[in-house]
Structures are given as structure tokens and as C-alpha cells.
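Colleague: 3D model of this:
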Amino acid sequence: MQTSNISKAIINTMAGVSFVQKAGKNEFHGYKYATEGDALNALRPHLIANELVIISDVVEHTQPDEFGNTTVKVRYRIIHSSGEEIVCHFVGCGNDRSSKGVIGDKGIYKALTGANKYFLLKTFQLETGDDPERDDKTQEDRIFEPQRQQVKPMVQPKQEAPKPEAPSINVDAFIEQVKEELSHCTTREEAKQVWRRYTPEIGQIKIHFADRENDVMSAFSNSTKHLK
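Modeller: Alright, predicted model coming up:
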């Protein structure tokens, strides 16, 4: 199939937008992030101007597993007005499990949102500023290694320094916020970015809420065990 028209249209679209402004805000942690809507808002005018249409179709999906994770595989058709088209597939994962262990019915919709967001960002090579590189291997790397089967408690030092006044952290709300963000991750590297953003809170929980440390670690481990 000839793809000269659609290739030029995609190139023109990429030339028109290279960076996605982050309008989504995490109220708990106070930082901004790029949402599916941000990607759509940036791309839509350029897709229309270059006569491109995107049609999606869910070709595979799973029922929620014991951790509340649902995965989908989506077939995307990028179609040009000339009739030329390109087909590609993306996967997404969504988690809809509450802190009480109740699994809801929104996992598949979260998975679709994640798949669509990263299809747009990766297909058109859009920058969001959310992908810092790190070479040093820290505790987060051990958390996200595929061979890890269970969360092991941290070894406490024999002598601890005096603890400062405990911060006002709602651990349950923190865990739910983490699960929500992880449900939109499609790779372990993206999940690591969530860990890095929350490093200060995780450290505070280890010090002041040691009995909840395993709950936090389990939220990361259970929500990312399916990622590669």
C-alpha cells in the first residue's frame, strides 16, 4: 500500500505540535501531569488540518484480576482522506480496587484511557516533560524488578535517631492516589516515575507510620507486577 499521503500528513502533524502542556493536577501531591485530554487538545486541530482520522477498536480485554487490574489491547487505524491508512496496536491497564479491597467496574475504562493517551503520545512522539532518566539503582528499582514476588519488610537499624513530630499524612488517601496513577502506567519505567514523585511521602510513612509501610509497598508491587 502506498503511504506517501498519510506519511506526509503525520509528519505535518508532528511538526505542528511537539510538546503537550500539563493541565491535569494531582491535588494530593500538588504537581501537574499530562492527561489524555491534554494530548487530544494539542493534537486534534492538527489532525483535522492534515485530514487524519483515528478509529479505535478493542480487540482483547481481561476481566479484573485479584488485584483489580484490567488490561485491554486496542487496534488503532490512522486514516488519511486519500484512503491510505496505518494500523497499530497499543495496550493499557486500569485498576479499580478500593482500599477496602472492593473491585469496581471502571477498570476497563481506565485501561482504555491509558492506552489512548500513550498511543497519542508515542505515535506522534510528543514530549510532556514527565520522563527523567536515572542510572542509579535504588529501592524503587528493586520494587519494580520482575522477579520480585512479595514485599519484604525494611530492616530497621538497631539504633534510631529521635523521630520528629509526625506529619499529617492520610495513608489511605495516599495509597488510593498512588493506585490511581499507577493504573494509567503501561511500563515499569512510567511506574518508577510515580515512585520518584512520592519519595518524600514514602520516606515519611516509613518513619512515622511503620505499620503501614507494607501497605504502601504492596500498592506499588501489586499494581505493577503485570508491567514490563
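Colleague: tell me who's in contact with the residue nearest to residue 181 when sequence neighbours are not counted.
Modeller: Nearest in space to residue 181, with sequence neighbours left out and distances taken as CB to CB, 6 or more residues apart in numbering, is residue 194 at 4.9 Å. C-beta here means a position set from N, CA and C on the backbone, and glycine is covered the same way. Residue 194 makes contacts with 178, 181-182, 185, 220, as judged by CB atoms under 8 Å, 6 or more residues apart in numbering.
Colleague: check which helix or strand residue 194 maps to.
Modeller: Element membership of residue 194 [criterion: DSSP states H and E] is helix 188-197.
Colleague: on that earlier part again, I'd like the distance between the residue nearest to residue 181 and residue 59.
Modeller: According to CB to CB, to the nearest Å, residue 194 stands 28 Å off from residue 59.
Colleague: also residue 207?
Modeller: Between residue 207 and residue 59 the distance is 47 Å, computed by CB to CB.
Colleague: next one: residue 51
Modeller: 26 Å.
Colleague: which one of those two is surrounded by more residues?
Modeller: residue 51 (14 against 10; other CB atoms under 10 Å).
Colleague: ramachandran angles for that one?
Modeller: phi 60, psi 50 (degrees, to the nearest 10).
Colleague: try the one 3 residues further on
Modeller: Reported as degrees, to the nearest 10, the phi and psi values for residue 54 are phi -120, psi 130.
Colleague: what number of residues lie near it?
Modeller: Other residues close to residue 54 by other CB under 10 Å number 16.
Colleague: got a list of what it touches?
Modeller: 47, 76-79.
Colleague: so which of the residues you listed comes closest to residue 216?
Modeller: residue 76 (35.3 Å; CB to CB).
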